[in-house]
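> turn this into a structure:
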Amino acid sequence: MPAKASSLYFEKVAVKTTSERTCLSFARQVIHPGGYTGIHTSQSEAAGNTQGVYVSITCVGRGSLPAIAVVMAMSDDFAAAKQVGHTAATHMAGVQLID
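I've put the predicted structure just below:
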């Protein structure tokens, strides 16, 4: 199925864990209670729609360094994609693991 968005915004942020798996759990925390619809989660991403923007978050582990979250936001409106994508990235950077 071809993509329908004409704009792509992406941002990468370091998160407060070295674990790729934990980073992906952070992504699910950002997507699930965040007012998103059409939520999709897998072992490699958490994704959903909000405010007319499709957001996909994935993570890259880097050994002993903080994992990196890559937030991608797609929309017909670049300004909307940038705003929603940046908000999701900011939320990802702020999530903390509480034992």
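> and the longest helix anywhere in the chain, what's buried?
The longest helix of the chain (DSSP state H) is helix 78-94. Buried positions in helix 78-94, judged by neighbour count with 16 or more other CB atoms under 10 Å: 80-85, 87-89, 91-93. C-beta coordinates here come from the backbone N, C-alpha and C atoms, glycine included.
> show me what that helix packs onto, helices and strands only.
strand 7-14, helix 20-31, strand 53-62, strand 65-75 (3 or more CB pairs under 8 Å, 6 or more residues apart in numbering; DSSP states H and E).
> quick one: closest of these to G38.
strand 53-62 (8.1 Å; CB to CB).
> chain center to the longest helix of the chain: distance?
8 Å (CA atoms, centre = their mean, to the nearest Å).
> report the mean confidence score over it.
Averaged over helix 78-94, pLDDT sits at 96.
> again, but for stretch 33-51
92.
> measure that stretch end to end?
14 Å (CA to CA, to the nearest Å).
> buried sites along it?
Buried, per 16+ other CB under 10 Å, within stretch 33-51: 36, 41, 45-50.
> among those, which are located in strands?
41, 46-50 (DSSP state E).
> what is the nearest of these to G61?
Nearest member of those to G61, counting by CB to CB, is A46, at 15.7 Å.
> hmm, back to that, so which of the helices and strands packed on helix 78-94 gets nearest L97?
Taking the helices and strands packed on helix 78-94 one by one with CB to CB, helix 20-31 is closest: 6.0 Å.
> can I get that closest one in PDB, CA atoms only?
What follows is helix 20-31 as a C-alpha-only set of coordinates in PDB (Å, rounded to 0.1, in the frame of the first residue of the first chain):
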ATOM      1  CA  GLU A  20      16.500  -1.300  23.600                       C
ATOM      2  CA  ARG A  21      13.600  -3.400  25.000                       C
ATOM      3  CA  THR A  22      13.100  -0.800  27.800                       C
ATOM      4  CA  CYS A  23      13.200   2.000  25.300                       C
ATOM      5  CA  LEU A  24      10.400   0.300  23.300                       C
ATOM      6  CA  SER A  25       8.400   0.000  26.500                       C
ATOM      7  CA  PHE A  26       8.900   3.800  26.900                       C
ATOM      8  CA  ALA A  27       7.600   4.200  23.300                       C
ATOM      9  CA  ARG A  28       4.400   2.200  24.200                       C
ATOM     10  CA  GLN A  29       4.000   4.500  27.300                       C
ATOM     11  CA  VAL A  30       4.100   7.600  25.100                       C
ATOM     12  CA  ILE A  31       1.700   6.200  22.400                       C
END
